[in-house]
Each structure stands twice: as structure tokens, then as C-alpha cells.
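Visitor: build me a model from this:
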Amino acid sequence: MFQLTPTVRTLLIINVLIFFLQSQFGPQVTVLGALFPFGSVYFQPWQFVTYMFMHGGFGHLFSNMLGLVFIGASLENVWGPKRFLTYWLICGIGAGVLYQGVRSYELHQMNNARIAFQEEPSGVAFADFYRTYFPESGQSAVSLANMLQRDPTNPEMIASANNAIQSACDMALNSPSAGMLGASGALFGVLFAFGFLFPHEKLIIFPIPIPIKAWLFVALYTAYELYKGIHPVPGDNVAHFAHLGGMLIGFIVLKIWQRNGTHYG
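Guide: This next block holds a predicted model:
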């Protein structure tokens, strides 16, 4: 019979309460707790912890808490409350750290592309910049790129393009919506641990009503997250590398515990 374990219950309550605060106070809470990139005006060290207790909407909260309740409880029954909470926090913080590394690299590459455009402005370079870093910008970027390509020495056109790229870079770093939030990094660590400890347990991938073994579920999900992280599509705001980071940190923690003979708490 399913049983809501103490730590899972506490985490569930905290996440729901913080989501209520987000819904009441909106951006004021988000800019304090979401994990913003290094160099952002909103970045604070505590965000490596707080981001995992915040969510971008009810659906985001519901899916993460559903995974916590149905998978986390099984692990807490094996490990006990203290070890489960330790694992949850380590995976969440570790996922945040690894995501920051990936995001810092992306922003560094973006800034290099901005500098390269300033040095050699062209319609092609402008289009390439937006296609690479802001594919969701659509027709507005294409129009300006076409105009710049037709009149590549027009100083007003070049200034407009430089301003647009600079504004896009500033938004990527300092927009109130530039922070990452959600318990997914910690949850993916828990998902990995479930597949590690109970590889032959059956899980169902919604909406496919066919149960598969936990180890295969984890393997398929890992491959999916890796593919989506390497091949992003316009409008995809999911932090796939944070998910992978939670799994990687979870694997490291489990191997350390196993080596030290404390694998089961």
C-alpha cells in the first residue's frame, strides 16, 4: 500500500507553500529564489538551494511533486528520512552547479558572437546569431537581417542590429525570467536512484500503458534529455542539462555510499 513518508511529506508541503507565495507576490519572489546566471544582477549564492523549491506553474509543480511522492517515498523507506533528504539536496544543488557551468559557457559563446558581429557586421552574421541563440525570435530578426544584407554599409542599420544583439544578450543575463527554477534536478537524481536500487521494478511512461523495467525507463529518459539538451528547439525552456546534472550527481553519490558501505543508510 502506498504510504506518504515524513521527508517526502515535508518537501511536498514546502514546495506547495512556496508556490502559493509565488502566485501571490509573483516576480518579487521569483527573482529572489530562482537560479540566475553568474554575472546577472539577480544572482545570489543562496539560489543554488532555493531554486529547487520554486516552480514555473501549476503543471510544473504537479509533475515534480507527483514524481517525488511516488518515487521518493520508496527511497525514503529504504534509506530513512535523513539520508533521503541529504540525497535530495545534494542532487538538487549539484544539478544547479552543473547547469550554471553549461549556462556560463553558453553566455560566453553568445558574448563572443556579439563581439564578432560588432567587428564584422552583416546580414548573414545577424541572422546566424539569432538562429543560434534566439531561434524563437522569428520573422522580426529575419526582416532586419535582410535589410542589413541589402544595405550592409548603412550606419543606422548597423547601429540598429548592434542594439538588437546587445539587448538580446542583456535579456539573457538580466531578465527577471532568466532564472532557472524547479525541483527537477533533484527529482531526476531520485529517478536515477530508483532505477539503480530497483532496476527490475515496473514503471509506466504516460501515455503509453505498457510497464517497462525501471533501469530501461531511466536509460531512455537519460537519452531523451541528452538529445534535447544538445538539439534545442524554439520555445523549449526546459533545463535539460540540469536534469542530466541531477542524474550524474546522483550516480556519484550512490557510488560513494556503496564504496563506503553506507549504500542503504
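Visitor: which residues of the stretch 101-250 of the chain fall in helices?
Guide: 123-133, 139-150, 155-174, 184-197, 214-230, 240-259 (DSSP state H, counting those that start in this stretch).
Visitor: mind checking the ones you listed for the one nearest to I71?
Guide: Nearest to I71 among the helices of the stretch 101-250 of the chain is helix 184-197 (5.0 Å), distances taken as CB to CB. Where C-beta positions appear, they are placed from N, C-alpha and C, glycine not excepted.
Visitor: against which helices or strands is the closest one packed?
Guide: helix 58-67, helix 73-79, helix 81-119, helix 214-230, helix 240-259 (3 or more CB pairs under 8 Å, 6 or more residues apart in numbering; DSSP states H and E).
Visitor: same list (these) but as JSON lines, adding mean pLDDT and mean neighbour count.
Guide: Below are the helices and strands packed on helix 184-197 laid out as JSON lines (pLDDT from 0 to 100; neighbours: other CB atoms under 10 Å):
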{"stretch": "helix 58-67", "mean pLDDT": "89", "mean neighbour count": "16"}
{"stretch": "helix 73-79", "mean pLDDT": "91", "mean neighbour count": "19"}
{"stretch": "helix 81-119", "mean pLDDT": "92", "mean neighbour count": "18"}
{"stretch": "helix 214-230", "mean pLDDT": "78", "mean neighbour count": "16"}
{"stretch": "helix 240-259", "mean pLDDT": "87", "mean neighbour count": "20"}
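Visitor: Throw these into a markdown table and include distance to N15, thanks.
Guide: Below are these laid out as a markdown table (distance: least, CB to CB, whole Å):
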| stretch | distance to N15 |
| --- | --- |
| helix 58-67 | 6 |
| helix 73-79 | 15 |
| helix 81-119 | 11 |
| helix 214-230 | 21 |
| helix 240-259 | 16 |
